[in-house]
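Engineer: here's my sequence, what's the structure:
(chains A and B)
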Amino acid sequence: MVFLFNIFYQFGDSLAFLLLAAIGLAVIFGMMKIINLAHGEFITVGAYGTVVSGKVFNLPLPIAMAFGVLVTIIFGLILEKFIIRYLYGRPLDSVVATWGISLIVSQSFLVIFGPSYEGLQTPMGNFQLGEFSYSEYRIFLIFSALFLLMLLYYLFMKTSFGTLARATIENPSISSSMGVDVKNIYTATFAIGAGLAGVTGALYAPTMTIVPSIGQAFIVSAFITVVTAGASPFVGLVPAAAFLGTVQTTVTFFYKSTIGLIAILCAVILIIRYLPNGFSGLILKKRSK
Amino acid sequence: MKKIVIFLISSFLILFSNAKAADTIKLGILEDETGNFAIAVVPKIHAYELAVKEINAAGGVLGKKLEIVRYDTQSDNRRFQEFARRLIKKDKVDVVFGAFSSASRESIRGIMEKNKMLYFYNNQYEGGVCSKTTFMTGAVPEQQFSTLVPWMMEKYGKNVYTIAADYNFGQISAEWVRQIVKEAGGTMVGEEFIPLDVSQYSQTIQKIQKAKPDVLMTLLVGAKQASFYEQQASAGLGIPMATSINVGQAYEHRRFAPPALENMYVTVNYIQEVHEVIKSGEFHDKSKDYVKRFRALYPNEPYINMESANAYNAIYMYAKAVEKAGTTDTMKVVAALESGITQDGPSGVVTMDPKSHHGSHTIFLVRVGKNHTVTIPKIWKDIQPYWLGDNGCDLANKADYSQYTPSNPPKN
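Structural biologist: Just a heads-up that it's a prediction; the model follows:
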């Protein structure tokens, strides 16, 4: 029983990290095809928004987190309006531009807030099971990740906004001629992606050291998850994260963290070699048969 | 912009100082004013400046003023190499002080040795450097671990688990812990080396719980790995932690929200709380005096850490050795430093060991308690850096330029 719970806890923790790291990028890169190297900085904005508002205005944590997400959405809107808007359909140029944004943002955080900022305490407590004790907040993270993903799936697959967004990104000129406000749809979709990255930053802020490079901790996991998820991120994200999480947890369990990191990267190489369309490609192919 | 300003200032300094060359003794300083390590390093830079100001106010050395030539190495090993060459070739300094991480020290030590440049490394580290032209004023494992580990084992039990950063500092420090645990009759119930990029620790925490250690050695480095402390507190790990690096360098007990570091034990050769915790006597007076002088010059320093004391002592030891040698000639100053130079610093007398070129230290055992308040349950006086000397490193009689480890000791 304890053994099974341990497997759930470790696997769930790894899954939550991969999903939450990838969730904003799934919209911005997976859907909109902007290779967003500033994804980590969106997470940084969310984390700092949470911690700084929590400290300075003494806000309770959930409100501080909401504030952090709001700040990231505004940040995303501003970026979209002045920079990203001109980069749709130019994936290589978006690499250079977003890399520049990432440098500017992380250095600005260093200048404004210094090399480290006092963190918040992790909320909730811990509980004991046999010889092990567990952080309740970590369990909360697992369910938050799954909930956010369901929300995202619902938004883009089941609502009229989602249909318009997918249509617009698939073919902007036809959508436009059908009377869709293409510009606003793009802006809104990008803001949703930024906001989700902000949620990730807000959720992990109380568990990590608050430094200007905090978002960098997520970026590799984010890209490998989105890439293995494939062309339709909302379908592929969960199986991709589950697969990578299983590889990492299992290998780390039997060997050590270093080998776990190597294993996850090897797994990604194998996936993009044998499943070039990622997990979503595999699933959709099966469905269409 | 900052780089341009530094460049202009430094090129101006080069021109200016060449014009009046022999009038000053030039001290090259390479420290990370910015980047990953800046938090722990800025107090060091200020300590160098404090010592130089004091010595100059007292008339300088051999009738000459000390002059600092300093570059910001930005926590980047390539910058270290670039600026090390510049200090030697262009600025023609008489001595170099600096480096925080072991990786950056090793990146410039070779350059110093090749150019016969006297070099002071003023940081606690994994130990074992036996080099004719290099002097170490920071604490080493036989000072920090052979005190700490047996004390922890006696108080909490003999089963020890180590988690360490996966590079030279962590690997060698863990080797030391392994050796000391074995000598003290304990058992290593686990050991894990963690890449510097890892920021999530649920699995590590469970592995530790499974092994049921009495003492957890945490030799973690950098901001990402520091996330371990918050995560272990939130998981309720509750195992006493021991380390040689936290608190004394980057003052995590002041920067992290309690109870992340609660029940952590650290061996340091100085921290600014010494005189607040110890109410009277030699250590109280010396620490209080040091902090007062430091704050007079830098009132906004967030924390006066142990490496600041090492940096401060290094400048004084160099000045005393030059005074004694009557010249700044490298080999003559080395000989003077090998004559048993002492310096009465912020935490008492430090003596330079002629055999290994390391300093002796007062070692304070610091405990981080509830709400991160600091206590000092134990003081070890005058702990010698004995390991290299006992194992055949004898620099006063036999030149050497190597780094040794317990599994790779000097050959006799």
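Engineer: got the contact list for the closest residue to chain A within the stretch 51-200 of chain B?
Structural biologist: Proximity of the stretch 51-200 of chain B to chain A (Cβ to the nearest Cβ) peaks at residue B:199, 4.1 Å away. The way it works is simple: take the backbone N, C-alpha and C, and place the C-beta from them, glycine included. Residues near residue B:199 by Cβ atoms under 8 Å, 6 or more residues apart in numbering or on different chains: A:208, A:217, B:224, B:225, B:227.
Engineer: do the same with residue A:263
Structural biologist: Contacts for residue A:263 (Cβ under 8 Å, 6+ apart) come out as A:247, A:248, A:251.
Engineer: ok, residue A:190 next?
Structural biologist: Contacts for residue A:190 (Cβ under 8 Å, 6+ apart) come out as A:27, A:28, A:32, A:34, A:76, A:77, A:79, A:80, A:84.
Engineer: burial of the third one, as a residue count?
Structural biologist: This means residue A:32. Around residue A:32 there are 22 other residues, counting by other Cβ atoms under 10 Å in any protein chain shown.
Engineer: so it sits against residue A:188, correct?
Structural biologist: No: with contact taken as Cβ atoms under 8 Å, residue A:32 and residue A:188 are classed as non-touching, separated by 11.2 Å.
Engineer: could you dump the contacts of residue B:199 into CSV and include distance to residue B:259, secondary structure and neighbour count?
Structural biologist: Compiled in CSV, these are given as follows (distance: Cβ to Cβ, whole Å; DSSP: H, G, I helix; E, B strand; the rest coil; neighbours: other Cβ atoms under 10 Å in any protein chain shown):
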residue, distance to residue B:259, secondary structure, neighbour count
A:208, 16, coil, 23
A:217, 23, helix, 24
B:224, 21, helix, 23
B:225, 19, helix, 24
B:227, 15, helix, 26
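Engineer: between the residues you listed, which is nearest residue B:380?
Structural biologist: residue B:225 (27.7 Å; Cβ to Cβ).
Engineer: wait, is residue B:351 part of a helix?
Structural biologist: No: looking at residue B:351 with DSSP: H, G, I helix; E, B strand; the rest coil, it is strand, so not inside a helix.
Engineer: check contacts around it.
Structural biologist: For residue B:351, the set of contacting residues under the criterion of Cβ under 8 Å, 6+ apart consists of B:340, B:341, B:342, B:359, B:360.
Engineer: dump those to JSON lines, plus secondary structure, distance to residue A:12 and pLDDT.
Structural biologist: Putting those into JSON lines (DSSP: H, G, I helix; E, B strand; the rest coil; distance: Cβ to Cβ, whole Å; pLDDT from 0 to 100) gives the following:
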{"residue": "B:340", "secondary structure": "coil", "distance to residue A:12": "60", "pLDDT": "90"}
{"residue": "B:341", "secondary structure": "coil", "distance to residue A:12": "59", "pLDDT": "93"}
{"residue": "B:342", "secondary structure": "strand", "distance to residue A:12": "58", "pLDDT": "94"}
{"residue": "B:359", "secondary structure": "strand", "distance to residue A:12": "50", "pLDDT": "95"}
{"residue": "B:360", "secondary structure": "coil", "distance to residue A:12": "51", "pLDDT": "95"}
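Engineer: now the buried members of the residues you listed.
Structural biologist: Burial of those was assessed by neighbour count (16 or more other Cβ atoms under 10 Å in any protein chain shown); the buried members are B:341, B:359, B:360.
Engineer: most surrounded residue in the contacts of residue A:263?
Structural biologist: Among those, the one with the most neighbours (other Cβ under 10 Å) is residue A:248, at 26 neighbours.
Engineer: which residues of chain B lie near chain A?
Structural biologist: By the rule Cβ under 8 Å from any Cβ of the partner chain, the part of chain B lying against chain A is B:34, B:36, B:38-39, B:166, B:192-195, B:197-200, B:202-204, B:206, B:209-210, B:212, B:223-224, B:226-227, B:230-231, B:233-238, B:250, B:255-260.
Engineer: just those residues: which are in helices?
Structural biologist: Secondary-structure check on these using DSSP state H: residues within helices are B:38-39, B:202-204, B:206, B:209-210, B:223-224, B:226-227, B:230-231, B:233-234, B:255.
Engineer: drop anything exposed from the residues you listed.
Structural biologist: Using 16+ other Cβ under 10 Å as the burial test, those include B:38-39, B:202-204, B:206, B:209, B:223-224, B:226-227, B:230-231, B:233-234, B:255 as buried.
Engineer: check pLDDT for these and point me to the minimum.
Structural biologist: Least confident entry in those, by pLDDT: residue B:223, with 79.
Engineer: residues contacting that residue?
Structural biologist: Contact criterion Cβ under 8 Å, 6+ apart gives A:116, A:209, A:211, A:213, A:214, B:36 as the residues in contact with residue B:223.
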